[in-house]
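Undergrad: Mind looking at a prediction? Sequence and model below.
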Amino acid sequence: MRTLIKASYITLLKLLDRFIVTRPRPNHIVITMTFTEDLLPIITQLASQKIDISLLYHPKYNDVVKKQLNYHNINAIPLNNKYVFQHIKAVKRAKVILIDTYYLMFGAITKHRDQEVIQIWHASSALKRFGLEDRSVDVSNTKMVQQYKDVYDFTDSYVVAGDHMIEVFKQSLNASDKNFIKTGLPRLEYSTASQSEADTVLFVPTYRDYTLKESDKLKHEHVKNLRIRAHPSDHNYETDTEISQLTLDACLNLADIIITDYSSLAIEALYKGKRVMLYVPDEAEYEASRGLNQYYYALPQEIKAYTVEALQQKLTHIERIDTDGWTNYQTQHATQDIIQYIKERLQ
């Protein structure tokens, strides 16, 4: 049924695409926002420079759009299917399209030769497989695989902070022949300051589409001063009340030690200079369900714990590792470099 609904939706998009006849307009950019970390600094600076912006945003950011992005030159449209005609019309009029995740819509829209589509992916790094490498993708279903490729092929350029992510995009998103914008990411530019509370430990588990065994769950009584920041879509953990209103970056800054698992947050925390441990009791199950890449397996075993007891023991002495390969292009002027790149293509 889900496959049928998706096929029907793509057919509708293709019909609308044919019906909407327009051309890209100079000084007009479409920005899709499902995540805010990298995009907000870019949006506010482009808006202040009188760039015309069509912002297609996830409805959960209604308050952010009203309070932080109240510019006369921003046309904000929620990413809701009832606005799909407006979405397509905005995209086809844009000289530059900046996206931050996978959007099925782009697999059905024709792209003009004067347009450039830039992907600023919502994760700065990747330890788990995704895209075409995700274990949950049925590679024998050629029609489904082609749907993924149609979306990925819509992208022209990828913003990256390091060489490893270039290889990940090539493997996962069919991006071998794409352009890589080696500027670094705004989220890392603005996240280097760290005012941690001594002895505070933050646990940030990634999303799982299965239920962890009760014996594998990390609990407050297992680690002193532990705070939990759960993935919003995961049902295995709940975020602690006292940090529920903080941004993820603020939560990372709060802690002295970060415990995660297969999340890209491990790399971001290391970049901040944090001590990091990976609690991975379900490594084999996660490998079978989603898959883990070569960069995960290359991380030293000394920072991986497969039981609560092993984690407790290793927390007393955590090996510090660097982020070479993930952040070798990162600078403190990444936002300005990305904006300059965009403005040159808006002419």
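TA: Structure received. Numbering: from 1, shown residues only.

Undergrad: for the residue nearest in space to the middle of the chain, what are its contacts?
TA: In the chain, the centroid-proximal residue (Cα atoms, centre = their mean) is residue 122; its distance is 1.7 Å. Contact analysis of residue 122 by Cβ atoms under 8 Å, 6 or more residues apart in numbering lists 34, 35, 37, 38, 100, 101. (Each C-beta comes from the backbone N, C-alpha and C, glycine too.)

Undergrad: now swap in residue 334 and tell me
TA: Taking Cβ under 8 Å, 6+ apart as the criterion, residue 334 is in contact with 161, 183, 184, 185, 186, 188, 189.

Undergrad: cool, residue 248 as well?
TA: When contacts are counted by Cβ under 8 Å, 6+ apart, residue 248 touches 37, 204, 229, 265.

Undergrad: quick one: which of those residues sit in helices?
TA: Taking DSSP state H as the definition of helices, the contacts of residue 248 contribute residue 265.

Undergrad: out of the contacts of residue 248, who has the most neighbours?
TA: residue 265 (26 neighbours; other Cβ atoms under 10 Å).

Undergrad: Pull up the distance across stretch 313-324, start to finish.
TA: The straight-line separation of the ends of stretch 313-324 (Cα to Cα, to the nearest Å) is 27 Å.

Undergrad: Also stretch 230-243?
TA: Between the opening and closing residues of stretch 230-243 lies a distance of 11 Å (Cα to Cα).

Undergrad: Could you give me the buried positions within it?
TA: For stretch 230-243, a neighbour-count test (16 or more other Cβ atoms under 10 Å) marks 230, 231, 236, 237, 239, 240, 243 as buried.

Undergrad: show me what contacts the fourth one?
TA: Taking Cβ under 8 Å, 6+ apart as the criterion, residue 237 is in contact with 203, 205, 217, 228, 230, 231.

Undergrad: got it, and the first one?
TA: Counting by Cβ under 8 Å, 6+ apart, residue 230 makes contact with 205, 236, 237, 238, 239.

Undergrad: and if you look at the third one?
TA: For residue 236, the contacting residues are 205, 208, 211, 212, 217, 230, taking Cβ under 8 Å, 6+ apart as the criterion.

Undergrad: now, the most widely separated pair of the residues you listed?
TA: Comparing all pairs in these by Cβ to Cβ, the longest separation belongs to 211 and 230, at 13.7 Å.

Undergrad: now the contacts of residue 334 as CSV including secondary structure?
TA: Written out in CSV, the entries for the contacts of residue 334 read as follows (DSSP: H, G, I helix; E, B strand; the rest coil):
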residue, secondary structure
161, coil
183, coil
184, coil
185, coil
186, helix
188, helix
189, helix
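
Undergrad: Just give me the least confident of the residues you listed.
TA: Among the contacts of residue 334, residue 189 carries the lowest pLDDT, at 88.

Undergrad: any idea how far residue 76 is from that one?
TA: Shown here: residue 189 relative to residue 76, a distance of 25 Å by Cβ to Cβ, to the nearest Å.

Undergrad: just the helices in the stretch 51-200 of the chain please.
TA: Counting by DSSP state H, counting those that start in this stretch, the stretch 51-200 of the chain has these helices, from start to end: 62-68, 84-93, 142-153, 163-172, 186-189.

Undergrad: helices and strands around the second one, which ones?
TA: Read that as helix 84-93. The contact analysis (3 or more Cβ pairs under 8 Å, 6 or more residues apart in numbering; DSSP states H and E) places helix 84-93 against helix 2-19, strand 25-33, strand 52-57, strand 74-78.

Undergrad: how about it: buried residues?
TA: 84, 87, 88, 89, 90, 91, 92, 93.

Undergrad: if we can go back for a sec, right, and the pair among the buried residues of stretch 230-243 with maximum separation?
TA: Checking the buried residues of stretch 230-243 with Cβ to Cβ, the most distant pair is 236 and 243, at 17.4 Å.

Undergrad: surely residue 103 meets residue 152?
TA: No. Using Cβ atoms under 8 Å, residue 103 and residue 152 do not qualify as a contacting pair, with a distance of 10.8 Å.

Undergrad: Residue 202 sits in which helix or strand?
TA: strand 201-203 (DSSP states H and E).

Undergrad: who's in contact with that strand?
TA: With Cβ under 8 Å, 6+ apart as the test, strand 201-203 has contacts from 218, 223-229, 237, 251-252, 254-260, 279, 315.

Undergrad: now do stretch 216-228
TA: With contacts defined as Cβ under 8 Å, 6+ apart, stretch 216-228 is touched by 199-203, 205, 236-240, 242-243, 251, 254-255, 259, 279, 281-282, 308, 311-312, 315.

Undergrad: Give me the below-cutoff pLDDT ranges for the stretch 1-150 of the chain.
TA: Under the criterion of pLDDT under 70, the regions of the stretch 1-150 of the chain flagged as low confidence span 1.
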